[in-house]
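K.L.:
any chance you could fold what I've pasted below:
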Amino acid sequence: MKRIAGGVTAAAGFQAASVAAGIKYKDRKDMAMIFSEAPCHVAGTFTTNVVKAAPVKWDQNIVKKSAFAQAVVVNAGIANACTGEEGYGYCKETAQVAATALGVPEDGVLVASTGVIGMQLPMERIQAGVEKMASQLDGGLASGTAAAQAIMTTDTKKKEVAVQVEIGKKQVTIGGMCKGSGMIHPNMCTMLAFVTTDVAISKELLQEALSEDIKDTYNMISVDGDTSTNDTVLLLANGMAGNPEIREKNEDYQTFCKALHVVNETLAKKMAGDGEGCTALFEVKVVGAESKEQAVTLSKSIITSNLTKAAIFGHDANWGRILCAMGYSGAQFDPEKVDLFFESKAGKLQIIENGVALPYSEEVATKILSEPEVTAIADVKMGEASATAWGCDLTFDYVKINADYRS
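P.N.:
Numbering: from 1, shown residues only. The predicted model follows:
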């Protein structure tokens, strides 16, 4: 496996386009389109929030009932959430316009939105944007990067990744882009992710591979504890790599799953590290757990602790906040056996042993915690299971961004 340049247009047969439709932003592109030259098997996972945006409902139906999909239309600025029948009708209208412009079936067009909840989409601008993008589709890497930039809201940087791997003696590519900075919390987080691949694989196994992988990737990130109404991950496979179609869980399937995991984990970490107002990616590893479930529960509890996140922002090795977050997680463990370490490019330092503070240099600890990527490692000494979660520090700017988000 090797990482390559690019994102959603890296795989064979995929094209992208973007446009400034003026939906909310006046000085940048705010719509993107992904198109495959060949029909794709499609898999998807969606928010667990009971309040689901209209695009989520539309895409769930497409993923469940359509044999193939071929295009995705995304807008930034307005979420099309809590918009009733009118909002769902706009999803259908968007798909109709795209289907006509691209010459594909209406039920082969997926839609996604991100932005302010409760506002209706300006459909004249959406329609014009779709028609313009359909005429500007391009398979170059630059068009994929532009699409990744167009779907941003409070994100500060575009997020894309691509890898190549050999499957069935053919070179297979998986690429993806995502957006997400706030309203991010485990169990699908406002995140949108679009992954494209030229692998040939059955629809059933494509869905299974995605559903399993989000458990250790997108579902293990948190910025602020708020699960969005719009969370969507879509995975499209057009088969243009020419490998024998993967129809069983053989070696080819495992190779694909490993490559998919690299793409999803990379995108997930990019979102966590670009949390609204943050200055650092905060990674938590729980090791020595008696079960995966225990490790997941403990790591998520730490990563969502506002007091811990604030300590990371202050570069303060306040380990008591971490042990406290573990204690109220609901997982059972012996706090008098816990070892805790902080690690970054500046070094690694053990802070507590068997639940008790060790003599350590606050200066060294601060230096380690001042890096843009910081890891806390908690060893509960109960078994061999482990889990990793990702989040970010909590800063003054987070409040500023969300105090006037609709302005």
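K.L.:
going forward, measure contacts between C-alpha atoms and count neighbours the same way
P.N.:
Fine.
K.L.:
right, and the helix or strand after the strand ranked longest in the chain?
P.N.:
Longest strand of the chain, by residue count under DSSP state E: strand 31-46. Counting by DSSP states H and E, the next helix or strand C-terminal to strand 31-46 is helix 54-65.
K.L.:
immediately after that following helix, which helix or strand?
P.N.:
Following helix 54-65 in sequence, per DSSP H and E, is strand 69-78.
K.L.:
could you list the paired strands of that following strand along with their orientation?
P.N.:
strand 31-46 (antiparallel), strand 109-116 (parallel) (DSSP bridges).
K.L.:
so which residues of the stretch 51-200 of the chain form helices?
P.N.:
54-65, 84-102, 123-134, 141-150 (DSSP state H, counting those that start in this stretch).
K.L.:
quick one: closest of the ones you listed to D252.
P.N.:
Minimum separation from D252 across the helices of the stretch 51-200 of the chain (C-alpha to C-alpha) falls at helix 54-65, 23.4 Å.
K.L.:
sorry, back to before: of all the residues in the longest strand of the chain, which ones are buried?
P.N.:
By neighbour count on 16 or more other C-alpha atoms under 10 Å, the buried set for strand 31-46 is 31-36, 38-46.
K.L.:
again with stretch 51-68
P.N.:
Buried-residue list, stretch 51-68, by 16+ other C-alpha under 10 Å: K52, A53, A54, P55, V56, W58, D59, Q60, I62, V63, F68.
K.L.:
likewise for stretch 108-118?
P.N.:
Neighbour count says stretch 108-118 has G108, V109, L110, V111, A112, S113, T114, G115, V116, I117 buried, by 16+ other C-alpha under 10 Å.
K.L.:
pull the residues that contact it.
P.N.:
55-56, 58-59, 62, 66, 68-83, 91, 94-95, 98-99, 151, 153, 190, 192, 230, 232, 405-406 (C-alpha atoms under 8 Å, 6 or more residues apart in numbering).
K.L.:
rerun at 6 Å
P.N.:
55, 59, 69-79, 81-83, 95 (C-alpha atoms under 6 Å, 6 or more residues apart in numbering).
K.L.:
all helices for the stretch 301-407 of the chain, in order.
P.N.:
Going by DSSP H, counting those that start in this stretch, the stretch 301-407 of the chain shows helices at 306-313, 319-327, 362-369, 396-403.
K.L.:
closest to E124 out of those?
P.N.:
helix 396-403 (28.7 Å).
K.L.:
okay, the angle between the closest one and helix 306-313?
P.N.:
Angle, helix 396-403 to helix 306-313, by axes from the mean of the first three to the mean of the last three C-alpha atoms, to 10 degrees: 120 degrees.
K.L.:
next, the buried residues of helix 396-403.
P.N.:
Y398.
K.L.:
same thing with stretch 249-264?
P.N.:
Per 16+ other C-alpha under 10 Å, stretch 249-264 contains these buried residues: D252, Y253, F256, C257, K258, A259, L260, H261, V262, V263, N264.
K.L.:
which non-adjacent residue is nearest the first one?
P.N.:
I take that to be D252. Take D252 and drop its neighbours on the chain: the residue closest to it by C-alpha to C-alpha, 6 or more residues apart in numbering is I167, 5.7 Å away.
K.L.:
who does the one you found form a beta bridge with?
P.N.:
Here I167, judged by DSSP bridges, has bridge partners K170.
K.L.:
longest helix of the protein, counting residues only.
P.N.:
Criterion DSSP state H: the longest helix present in the chain is helix 251-272.
K.L.:
on the pLDDT front, check N187 for me.
P.N.:
Note on N187: pLDDT of 58.
K.L.:
format the strands paired with strand 69-78 as TSV; extra columns: mean pLDDT and distance to F342.
P.N.:
Shown next, in TSV, are the strands paired with strand 69-78 (pLDDT from 0 to 100; distance: least, C-alpha to C-alpha, whole Å):
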stretch	mean pLDDT	distance to F342
strand 31-46	97	33
strand 109-116	94	35
